[in-house]
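J.: Structure here, sequence nowhere to be found:
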């Protein structure tokens, strides 16, 4: 019976076997390949579970998540008490089920997170072409933006915008600066204005509006905006990639 074997595994790992029992157990590990394989799997699973939690509450939260993903693999869902020596792995029906649960644990711990803004915020370098009398401001804006000094870049771009009121590229990069310094309302107003127009930056503004929603953790809104980006857009592949991760 698997549960009896798991009890033996657990006692061995917790140094609860007698001298003779230890000797017998270790001989079995040497002579029985299947037994050794089961033990190694059990030990790996035990480590993956017990080393990840700081409290019973954390373990219970994980167990609830696993239950939602595949409750058919779990026999009962009672919290594991600290004083209980035999961990919850004994409740799994067999090693294949235990391996499946381990996979779910791994997915939960390492992959069950929403994508983050920094994964997708790869800005094109700022290279403005405006009237020559504004060269000094242009250079400062470009240097600041390209070195990720967005507050200074925003100041310089704002100066340029007062002299170039119809320059959509300047407005777009202003919005990106707003987004980077978490001034979402200001950023979104500009993204909306540009994306509703017919300029060369329409799709780029849609993409950045989606990134704004992502950064604000408004994931459903982010999905909605991503779905409006046409296949012809340069940003379409990135939009599809982000959609798959949401």
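T.: Sure thing, it's come through. It should be emphasised that the depicted structure is a prediction, and the values quoted were computed from it without experimental measurement.
J.: Low-confidence ranges, the chain, go.
T.: The model of the chain has pLDDT under 70 over residues 1-4, 45-113, 131-134.
J.: let's go with 50 and repeat that
T.: Regions of the chain meeting the criterion pLDDT under 50 cover residues 1, 53-54, 69-94, 111-112.
J.: how is it carved up into domains?
T.: What the record gives for the chain is the domain set 2-111, 117-245, from automatic domain parsing.
J.: first to last residue in the last one, what's the distance?
T.: Terminal residues of domain 117-245 are spaced 12 Å apart (C-alpha to C-alpha, to the nearest Å).
J.: in the protein, which spans are helices?
T.: 2-13, 19-31, 33-50, 56-70, 95-106, 135-146, 150-163, 168-180, 184-195, 202-215, 219-226, 236-245 (DSSP state H).
J.: and the shortest one, which residues are buried?
T.: By that I understand helix 219-226. Buried residues in helix 219-226, counting neighbours by 16 or more other C-beta atoms under 10 Å, are found at 222, 223, 225, 226. The C-beta positions use only the backbone N, C-alpha and C, and glycine is treated the same way.
J.: so what's the last one up against?
T.: Pointing back at residue 226 there. With contact set as C-beta atoms under 8 Å, 6 or more residues apart in numbering, residue 226 has these partners: 210, 239, 240, 242, 243, 246.
J.: Filter these down to the buried ones.
T.: Buried, going by 16+ other C-beta under 10 Å: 210, 239, 242, out of the contacts of residue 226.
J.: between those residues, which is closest to residue 9?
T.: For those, the minimum distance to residue 9 (C-beta to C-beta) is 42.9 Å, reached by residue 242.
J.: Pretty sure the closest one sits against residue 117.
T.: No. Counting by C-beta atoms under 8 Å, residue 242 sits too far from residue 117 to count as a contact (10.2 Å).
J.: Kindly point out which residues are neighbours of both of those two.
T.: Common contact partners of residue 242 and residue 117 (C-beta under 8 Å, 6+ apart): residue 214.
J.: between the buried ones among the contacts of residue 226, which is nearest residue 11?
T.: Within these, proximity to residue 11 (C-beta to C-beta) peaks at residue 242, which comes in at 48.3 Å.
J.: what's the nearest residue to residue 29 if we skip its chain neighbours?
T.: residue 36 (4.8 Å; C-beta to C-beta, 6 or more residues apart in numbering).
J.: My read is that the one you found contacts residue 27, right?
T.: No. Using C-beta under 8 Å, residue 36 makes no contact with residue 27, being 11.0 Å away.
J.: If you count surrounding residues, which of those two has more?
T.: More neighbours surround residue 36 than the other of residue 36 and residue 27, with 13 against 10 (other C-beta atoms under 10 Å).
J.: How about the contacts made by that one?
T.: Residues in contact with residue 36 (C-beta under 8 Å, 6+ apart) are 28, 29, 30.
J.: which one of those is nearest residue 41?
T.: Within those, distances to residue 41 taken as C-beta to C-beta reach their minimum at residue 29, with 12.9 Å.
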